[in-house]
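# I need the structure of the sequence given here:
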Amino acid sequence: MKLMLNKNEILSIIAITIILAFMISVTNLSELFLYSLIFVFIIILLNIITKKIVSSFFNSEIEVKLWKFKRYGFEKKSIFKTVFQA
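A predicted model of the protein is given here:
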């Protein structure tokens with residue numbers, strides 16, 4: 001069972017963790033930031049590890065990426081020319 005994380009996945013996990021921890025602790029930054037950083041990191045890491053384990057059972061691979069959006073509507077032609085990071 002191969003559960004290796006590549007460089008982009010590790011950077012995505014770190015970036016998402018810092019952003020979410022800051023958003024959670026924005027009201028009381030000094031006390032909550034460390035706790036929210038730890039809890040968000042654990043939750044995201046468990047989520048990714050679980051997805052990788054399940055994908056290995058189905059003989060497939062999964063890659064984690066930062067949040068992106070490229071559509072602005074429901075029609076097929078409603079696509080941005082460049083992908084935006086959310």
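# Identify the residues contacting the lengthiest strand in the chain?
Ranked by residue count and defined by DSSP state E, the top strand of the chain is strand 79-85. By CB atoms under 8 Å, 6 or more residues apart in numbering, the list of residues contacting strand 79-85 from outside reads Leu66, Trp67, Lys68, Phe69, Lys70, Arg71, Tyr72. From N, CA and C alone the C-beta is placed, and that goes for glycine too.
# Output the below-cut-off pLDDT ranges for the chain.
Where the chain drops to pLDDT under 70, the residues are 1-3, 29-30, 66, 84-86.
# where along this structure do the helices fall?
Applying DSSP state H to the chain gives helices spanning 7-24, 29-57.
# Could you dump these into TSV and include mean neighbour count and distance to Ile79?
As requested, these are exported to TSV (neighbours: other CB atoms under 10 Å; distance: least, CB to CB, whole Å):
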stretch	mean neighbour count	distance to Ile79
helix 7-24	15	23
helix 29-57	13	26
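# who wins for proximity to Lys77 among those helices?
Lys77 sits nearest to helix 7-24 of all the helices of the chain, at 29.3 Å, using CB to CB.
# what's the offset of the closest one from the middle of its chain?
7 Å (CA atoms, centre = their mean, to the nearest Å).
# what does stretch 17-33 give?
17 Å.
# Quick one: end-to-end length of that stretch, please.
One end of stretch 17-33 sits 11 Å from the other (CA to CA, to the nearest Å).
# what's next to that stretch, contact-wise?
Contacts of stretch 17-33 (CB under 8 Å, 6+ apart): Tyr35, Ser36, Leu37, Val40, Phe41, Ile44.
# could I get those as a markdown table with distance to Ala15?
As requested, the contacts of stretch 17-33 are arranged in a markdown table below (distance: CB to CB, whole Å):
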| residue | distance to Ala15 |
| --- | --- |
| Tyr35 | 19 |
| Ser36 | 15 |
| Leu37 | 12 |
| Val40 | 12 |
| Phe41 | 12 |
| Ile44 | 10 |
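# Tell me the one among the residues you listed nearest to Ser56.
Proximity of the contacts of stretch 17-33 to Ser56 (CB to CB) peaks at Ile44, which lies at 18.9 Å.
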